[in-house]
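Trainee: Let me see the structure of the following:
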Amino acid sequence: MVTIEEMEHMLEELASELPQEFYRELNGGILLLPDKKISPEAKKNDLYTMGQYRYSPSMGRYIIIYYGSFEALYGNLSHENLKKQLREVLRHEFTHHLEDLAGERDLEKEDELQLERYRYGLPMKPIRRLK
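Mentor: Prediction:
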């Protein structure tokens, strides 16, 4: 597994791939936290939260990426494959941000459907995100 510092550099590189317009009103930026976050929906500590998009009137809009979750789930991946997973999560969270700005909730609904599939033991489907 890469160190948190290496992942921070990877995240900066991936974030620079996105157009500046995507950062509009993302006043809290992108945070990389060392935490391993297990979803409250997890049945056997088997459902990790990799990232989150958050908005609050007091803190504004920001994206959190959980290094510990990546370490737990993808710790054995090559540098390149880990980077691909990080790109997927980052773009997923940016999709939430852009939809929030547009007053949409489509991806939020898709995420909820994924949780329903998990609850019933059904296979997860690929989630739409920015390309």
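Trainee: quick one: the strands in the protein?
Mentor: Taking DSSP state E as the criterion, the chain carries its strands at 29-33, 37-38, 48-49, 51-56, 60-66.
Trainee: what's the closest of the ones you listed to Asn76?
Mentor: Across the strands of the chain, Asn76 has its closest neighbour in strand 48-49 (14.6 Å, C-beta to C-beta). All C-beta atoms are positioned from the backbone trio N, CA, C, and that covers glycine.
Trainee: which other residues reach that closest one?
Mentor: The set of residues external to strand 48-49 that reach it, using C-beta atoms under 8 Å, 6 or more residues apart in numbering, is 36-39, 42, 66, 69, 72-73.
Trainee: Kindly indicate the member of the residues you listed with the most neighbours.
Mentor: Greatest neighbour count in the contacts of strand 48-49, by other C-beta atoms under 10 Å, goes to Tyr66: 23 neighbours.
Trainee: List the single closest residue to that residue in space, sequence neighbours excluded.
Mentor: Distance criterion C-beta to C-beta, 6 or more residues apart in numbering; nearest residue to Tyr66, sequence neighbours excluded, is Lys37 at 4.7 Å.
Trainee: longest helix in the chain, by residue count?
Mentor: In the chain, assigned by DSSP state H, the helix with the most residues is helix 79-102.
Trainee: buried set for that one?
Mentor: Buried residues in helix 79-102, defined by neighbour count with 16 or more other C-beta atoms under 10 Å: 82-83, 86-100.
Trainee: related to what we said a few turns ago, pLDDT value on the residue nearest to Tyr66, please?
Mentor: You'll see Lys37 listed with a pLDDT of 97.
Trainee: ok, now which ones touch it?
Mentor: By C-beta under 8 Å, 6+ apart, the contact set of Lys37 is 48-49, 66, 68-69.
Trainee: ok, what's across the strand from the residue nearest the centre of the chain?
Mentor: Compute the mean C-alpha point of the chain, and by C-alpha atoms, centre = their mean the closest residue is Gly51, 2.9 Å away. On the basis of DSSP bridges, Gly51 is bridged to Ile65.
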